[in-house]
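**Q** Fold the stuff below for me.
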Amino acid sequence: MNLSMNKVLPYLLALSIISACKVSKDLHAPLAEAPAHFRNAAAGDTNSIATLAWNAFFTEPGLQSLIDSAINKNFNMQIALNNIEAANLLYRQAKWNYIPDVRLQLGAGSNRPSDNSLNGISASQFLGTTHIEDFTAAVGLSWEADIWGKIRNQKKSALALYLQTSEARKLIQTSLVSNVAKGFYNLIMLDEQLTVARRNLLLNDSTLTIIKLQFESGQVSSLAVEQASAQKLAAGQLIPMLEQNIVLQENALSILAGTFPNRVARTVDLESVPFPEQLSSGVPPLMLTLRPDVRMAELALDIANAKVGISKASLYPALSISASSGINSFKASNWFMIPASLFGQAAGNLVQPLLYKKQLRTQYKVSQIEREKTVLQFRQTVLNAVGEVSDALVKTEKLSEQHAIAAQRVQTLQKATKNARLLFESGMANYLEIISAQSNVLQSELDIAAIRRDQLNATVDLYRSLGGGWK
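**A** Take a look at the predicted model:
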């Protein structure tokens, strides 16, 4: 219905008072049901390695160069930055929803009514013409009052979406930093295993030479030579396989760093990778403030709240105000004669949805269900985050113990291999004993390199799961 401004103003005043009451109640992010401490964490550990910037946690120059290149050149990171820019534009646009729409209208028209019509007879008698012309230049304004907080919720949703894209960039960066570091540690593990394989090949070659001499002197059979040769071939087969894996890992790291496949520089060996002396985990509440995925889950609840408010507001009356003013004339020659050609009009519309195929109420109920789902997803995110930290803590602890045991085993087997060789050369041990000793020491040295790699990866997982890597 169209109302004069004098009648609209009382409605505006009344609805403004009503708007003090919120249509929908925001559901704040529920308190995360996190434990007071992480499982396997040191008692009284309140600091967290996640507060360190990535270049303070990873101090090896070659690894720092790779991570820096990944952050600046990786295409997923660049897409995330574009998403942030787009979300920022949408948020800034949402701020303008409170501003009335203003339009400039210029129009000219000519109408030839029937001579027997009322308009035709009037034009002929009073204007002396068979054509009715109309020329208008006007400025129009339309504005919808934010009575039920619809525009406020749109702005709130846009802000949360913008903040989510920022957290998404952080999440991508933490993943990139973690993957680059793990790839780098896998690479130096392969270097170590290649060194072990080459050293073992030389040892097998020396053993085969001795067995061949014994065969020529009739001390052993041809079976001994064949088994020693097979042992040497098995050790030699590892070398091209490891060389292949090194190139593949270098290619993968180069792509992560946003460059074409190339050699990756490294100046550190597996046992001398630098790390902070104290791997502090802090407490769960600190972790929840640092992890981007938890922050994204919280912001998702803000978006869900806003959608509930928007859908609830659509059930209530909408008040819109429109006005226009300008110049109008039925003759072009009189179009810009002021003040005679001036006109103005104003109208208010109050629209209450009645029957809309039940769609509006269904949308409102669905938005409430979606909000409850968001709460559950937030709690699941927190649960997963605490679990990841606990997993990383137990890995760092137990892999350290495994590494210590593996180191003792390697020392024992190296000593056993040396003794077996001396006994074999003196004729007090047979060729099977030295072949078995060399095979065992090869496998144990390969295993300890893999355990050390896993130990480094567990440290990276701890740093990432605590929320580190995006600073």
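**Q** Distance check, residue 203 against residue 415.
**A** Applying CB to CB, to the nearest Å, the value for residue 203 to residue 415 is 14 Å. All C-beta atoms are positioned from the backbone trio N, CA, C, and that covers glycine.
**Q** So for these two, which residue has more residues nearby?
**A** More neighbours surround residue 203 than the other of residue 203 and residue 415, with 19 against 12 (other CB atoms under 10 Å).
**Q** Just give the nearest non-adjacent residue to the more buried one, would you?
**A** residue 438 (5.9 Å; CB to CB, 6 or more residues apart in numbering).
**Q** Residue 197 now?
**A** Using CB to CB, 6+ apart and skipping residues adjacent in sequence, the residue nearest residue 197 is residue 238, 4.1 Å away.
**Q** How far away from the center of its chain is the helix or strand containing the one you found?
**A** Here residue 238, judged by DSSP states H and E, is contained in helix 222-256. Helix 222-256 sits 38 Å away from the centroid of its parent chain (CA atoms, centre = their mean, to the nearest Å).
**Q** Let me see the confidence value for residue 247.
**A** You'll see residue 247 listed with a pLDDT of 90.
**Q** Check the average confidence over stretch 168-175, would you?
**A** Per-residue scores along stretch 168-175 average to 84.
**Q** For the stretch 101-250 of the chain, just list every one of the strands.
**A** Assigned by DSSP state E, counting those that start in this stretch, the strands in the stretch 101-250 of the chain fall at 101-111, 132-144.
**Q** Just tell me which of those strands ends up closest to residue 321.
**A** Closest to residue 321 of the strands of the stretch 101-250 of the chain is strand 132-144 (CB to CB; 5.0 Å).
**Q** Buried residues of the closest one, list them for me.
**A** Under the neighbour-count criterion of 16 or more other CB atoms under 10 Å, strand 132-144 has 132, 133, 135, 136, 137, 138, 140, 144 buried.
**Q** Looking at these, which one is closest to residue 74?
**A** Looking across the buried residues of strand 132-144 and measuring by CB to CB, the closest to residue 74 is residue 144, at 43.5 Å.
**Q** List the beta-bridge partners for the closest residue to that closest one other than its chain neighbours.
**A** For residue 144, ignoring the flanking residues on the chain, the nearest one in space by CB to CB, 6+ apart is residue 320 at 4.7 Å. Residue 320 forms beta bridges with residue 144, residue 349, as assigned by DSSP bridges.
**Q** Surely residue 343 touches residue 329?
**A** No. Using CB atoms under 8 Å, residue 343 makes no contact with residue 329, being 9.6 Å away.
**Q** Look at these two and report which has more neighbours.
**A** Neighbour totals were compared for residue 343 and residue 329, and residue 329 leads with 18 against 12 (other CB under 10 Å).
**Q** Please give me every residue in contact with residue 86.
**A** Neighbouring residues of residue 86 by CB atoms under 8 Å, 6 or more residues apart in numbering: residue 165.
**Q** Show the pLDDT at it.
**A** On the pLDDT scale, residue 86 is placed at 76.
**Q** about what we covered before: tell me the one of the buried residues of strand 132-144 nearest residue 195?
**A** Distance to residue 195 across the buried residues of strand 132-144 (CB to CB) is lowest for residue 144, with 73.1 Å.
**Q** any idea how far that closest one lies from residue 311?
**A** Relative to residue 311, and taking CB to CB, residue 144 is found at 16 Å.
**Q** Show the subsequent helix or strand relative to the lowest-mean-pLDDT helix or strand in the chain.
**A** Every helix and strand in the chain was compared by mean pLDDT, DSSP states H and E; the lowest is helix 5-18, with a mean of 47. The helix or strand immediately downstream of helix 5-18 is helix 54-57, counting by DSSP H and E.
**Q** now that following helix: how far from the chain's centre is it?
**A** 20 Å.
**Q** before we move on, what about stretch 261-270?
**A** 28 Å.
**Q** in it, what's buried?
**A** Buried residues in stretch 261-270, counted by 16+ other CB under 10 Å: 264, 266, 268, 270.
**Q** avg pLDDT for it?
**A** 85.
**Q** That one spans what distance, first to last residue?
**A** 23 Å (CA to CA, to the nearest Å).
**Q** Kindly report the same for stretch 51-69.
**A** End-to-end distance of stretch 51-69 (CA to CA): 22 Å.
**Q** Please identify the buried residues of it?
**A** Result for stretch 51-69 [16+ other CB under 10 Å]: buried residues 51, 52, 54, 57, 58, 60, 63, 66, 67, 69.
**Q** can you list the residues that contact that stretch?
**A** 49, 176-177, 180-181, 184, 253, 256-259, 264-268, 273-276, 282, 290, 463, 468-471.
**Q** The residue of the chain positioned farthest from its centre and residue 302, how far apart?
**A** Most distant residue from the mean C-alpha position of the chain: residue 125, 75.4 Å away (CA atoms, centre = their mean). Distance from residue 125 to residue 302, counting by CB to CB: 67 Å.
**Q** likewise residue 246?
**A** 47 Å.
**Q** and what of residue 202?
**A** Counting by CB to CB, the separation of residue 202 from residue 302 is 65 Å.
**Q** the more surrounded of the two?
**A** Neighbour count, other CB under 10 Å: between residue 202 and residue 302, residue 302 has more, with 22 against 11.
**Q** residues touching that one, list them.
**A** 156, 157, 159, 160.
**Q** Drop anything exposed from these.
**A** For these, a burial check counting by 16+ other CB under 10 Å picks out 156, 157, 159, 160.
**Q** Which residue ranges of the stretch 351-471 of the chain form helices?
**A** 359-425, 431-465 (DSSP state H, counting those that start in this stretch).
**Q** Deepest-packed of those helices, please.
**A** When the helices of the stretch 351-471 of the chain are scored by mean count of other CB atoms under 10 Å, the highest mean neighbour count falls to helix 431-465 (a mean of 21).
**Q** Is residue 77 located within a helix, as I assumed?
**A** Yes. According to DSSP: H, G, I helix; E, B strand; the rest coil, residue 77 belongs to a helix.
**Q** Cross-check the contact I'm expecting between it and residue 173.
**A** Yes. Between residue 77 and residue 173 a contact is recorded at 6.7 Å, counting by CB under 8 Å.
**Q** Quickly list what's touching both of those two.
**A** Residues touching both residue 77 and residue 173 by CB under 8 Å, 6+ apart: residue 71.
**Q** okay, those two: which has more neighbours?
**A** Using other CB under 10 Å as the criterion, residue 77 and residue 173 rank with residue 173 on top: 22 against 17.
**Q** what sits against the closest residue to that one other than its chain neighbours?
**A** Of all residues not flanking residue 173 in the chain, residue 470 sits nearest, at 4.8 Å (CB to CB, 6+ apart). By CB under 8 Å, 6+ apart, the residues touching residue 470 are 54, 169, 170, 171, 173, 174, 177, 292.
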